[in-house]
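# Provided below for reference: sequence and predicted model.
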Amino acid sequence: MVRGRPNILITGTPGTGKTTMASALAEATQLRHVNIGDLVKEKNLYDGWDEEFDCHVINEDLVCDELEDMMEGGGVIVDYHGCDFFPERWFDRVVVLQTDNSILYDRLIKRGYTGSKLSNNIECEIFQVLLEEAKESYPESIVVAMKSSSVDDITRNVADLVVWVSGWSRRTNQNDNMCD
């Protein structure tokens with residue numbers, strides 16, 4: 001089945017601007033934005049609570065089951081801080097947001113992150129854990145790292161992705177009758 005619109009995954013360490021960027025991109029492209037954290041809470045797609053990290057332990061199988069039909073239809077922007085459990089076939093572009101560590105630290109402190117939750121997230125960003133996870137989980141040709149330290153960065157990223165979405169639509173429509 002050929003999708004009429006692309007699916008995009010926006011991932012990155014908490015505090016890198018995933019939800020802000022996904023919301024702006026959805027508004028600019030009329031794609032549907034799905035925040036996995038919100039979906040997990042709304043649909044009870046979790047197995048419990050992680051006391052150390054103060055968050056739900058999501059049930060990845062339930063999340064994938066919930067998203068399957070929507071993703072097959074296309075036109076979805078998924079926003080989540082992990083990426084290795086989603087099926088590779090779902091995404092046409094995987095965006096990994098990266099933020100300067102001092103800026104990220106301040107953002108996480110403002111969110112109330114402390115202790116191991118704070119240090120683990122900063123270490124993830126320093127060691128580019130999510131970029132490596134994306135490159136291991138998806139074809140490198142669809143994975144793109146984007147700087148996300150300022151409003152200007154997000155504005156530029158959204159503009160670049162709007163152009164990409166527009167180009168994807170034209171390519172898809174031109175190639176509907178072609179075999180790979």
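Great, that's in hand.

# and the longest helix along the chain, what does it pack against?
Ranked by number of residues, the top helix in the chain under DSSP state H is helix 151-174. Using 3 or more CB pairs under 8 Å, 6 or more residues apart in numbering; DSSP states H and E, the elements in contact with helix 151-174 are helix 18-29, strand 93-98, strand 143-147. For glycine as for every other residue, the C-beta is placed from the backbone atoms N, C-alpha and C.

# rerun that using 10 Å as the cut-off
strand 8-12, helix 18-29, strand 93-98, strand 143-147 (3 or more CB pairs under 10 Å, 6 or more residues apart in numbering; DSSP states H and E).

# tell me which strands the last one pairs with, and in which orientation.
On the basis of DSSP bridges, the sheet neighbours of strand 143-147 come out as strand 93-98 (parallel).

# distance from the chain centre to the helix or strand of the chain with the lowest mean pLDDT, please.
Each helix and strand of the chain was given a mean pLDDT (mean pLDDT, DSSP states H and E); the minimum falls on helix 151-174 at a mean of 86. Mean-position distance between helix 151-174 and its chain equals 15 Å (CA atoms, centre = their mean, to the nearest Å).

# can you mark which positions in it are buried?
Judged by neighbour count using 16 or more other CB atoms under 10 Å, the buried positions of helix 151-174 are 153-154, 157-158, 161, 164-165, 168, 172.

# same list (these) but as TSV, adding distance to Phe86.
Output for the buried residues of helix 151-174, formatted as TSV (distance: CB to CB, whole Å):
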residue	distance to Phe86
Asp153	25
Ile154	23
Asn157	20
Val158	22
Leu161	18
Trp164	19
Val165	19
Trp168	19
Thr172	21
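
# where does Pro14 land in three-state SS?
coil (DSSP: H, G, I helix; E, B strand; the rest coil).

# and for the strand or helix carrying Asp61, what's in contact with it?
Asp61 belongs to helix 60-73 when assigned by DSSP states H and E. Helix 60-73 has contacts (CB atoms under 10 Å, 6 or more residues apart in numbering) with 1, 3-5, 7, 32, 34, 36, 39-40, 42-47, 59, 76, 78, 80, 82, 84-87, 89-91.

# circling back to that earlier point, export the least confident helix or strand of the chain as CSV, just CAs?
Output of helix 151-174 as CSV, limited to C-alpha atoms (Å, rounded to 0.1, in the frame of the first residue of the first chain):
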residue,chain,number,x,y,z
VAL,A,151,13.5,29.2,18.6
ASP,A,152,15.4,30.1,15.4
ASP,A,153,16.7,26.5,15.1
ILE,A,154,13.1,25.1,15.4
THR,A,155,11.8,27.6,12.9
ARG,A,156,14.6,26.6,10.4
ASN,A,157,14.0,22.9,11.0
VAL,A,158,10.2,23.3,10.4
ALA,A,159,10.8,25.2,7.2
ASP,A,160,13.3,22.5,6.0
LEU,A,161,10.8,19.7,6.8
VAL,A,162,7.9,21.6,5.1
VAL,A,163,10.0,21.6,1.9
TRP,A,164,10.9,17.9,2.4
VAL,A,165,7.2,17.0,2.9
SER,A,166,6.2,19.0,-0.2
GLY,A,167,8.9,17.2,-2.3
TRP,A,168,7.9,13.8,-0.9
SER,A,169,4.3,14.3,-2.1
ARG,A,170,5.4,15.3,-5.6
ARG,A,171,7.8,12.3,-5.9
THR,A,172,5.2,9.9,-4.6
ASN,A,173,2.5,11.1,-6.9
GLN,A,174,4.9,11.0,-9.9
